[in-house]
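1. structural data only, the sequence is not supplied:
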C-alpha cells in the first residue's frame, strides 16, 4: 500500500515537472516580448494547469455544493503544485533558456 502511494506521488511530481518544462518552451515562443519574471510566472502556472484542466472540466459536471467544493479543492491543489514544483522548475529552466538563446558574436570569430 505504501509503495503504491509513493510511486503515484513520484509519477505526479514527474508529470508536473515535465509539463512545466514544456510550458517554459511554449511561453518562450508565444511571449517573446515579456520579461523573464512574467514568463516564469506564466510557465509555472500553466504547467500544473495543463494537467489539472481535464479534472477541472469533470469537476464542473456535478451539482450545487459538489461543484463548489471540487473547484475549491482543485484550486488549492493547483496552487500547491504551482508553489512547490512549478515555480522552482520554471525559474531555473527559464533562466537557463534565456542564457542559451542569447546571441553571442564570439561564436563567429
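-> Structure's in. What do you need? This structure is a prediction, so every number in the text was calculated from the model and none was measured.

2. show me where this structure has helices.
-> For the chain, the helices defined by DSSP state H occupy 2-30, 36-59, 65-81, 87-101.

3. weakest of these by average pLDDT?
-> The minimum mean pLDDT among the helices of the chain belongs to helix 65-81 (a mean of 79).

4. quick one: residues contacting the closest residue to residue 97 other than its chain neighbours.
-> Excluding its sequence neighbours, the residue lying closest to residue 97 (CB to CB, 6 or more residues apart in numbering) is residue 28, at 5.9 Å. To be clear about C-beta, it is placed using only N, CA and C from the backbone, and glycine gets the same treatment. Contact analysis of residue 28 by CB atoms under 8 Å, 6 or more residues apart in numbering lists 39, 94, 97, 101.

5. measure the first one to residue 15 for me?
-> Separation of residue 39 from residue 15 (CB to CB, to the nearest Å): 21 Å.

6. now the third one
-> Using CB to CB, one gets 21 Å for the distance from residue 97 to residue 15.

7. please name the nearest non-neighbouring residue to the residue nearest to the spatial centre of the chain.
-> Nearest to the mean C-alpha position of the chain, by CA atoms, centre = their mean, lies residue 47 at 1.9 Å. Of all residues not flanking residue 47 in the chain, residue 20 sits nearest, at 3.0 Å (CB to CB, 6+ apart).

8. please tell me I have it right and that neighbour contacts residue 91.
-> No. Proximity of residue 20 to residue 91 does not meet the contact threshold set by CB atoms under 8 Å, at 10.0 Å.
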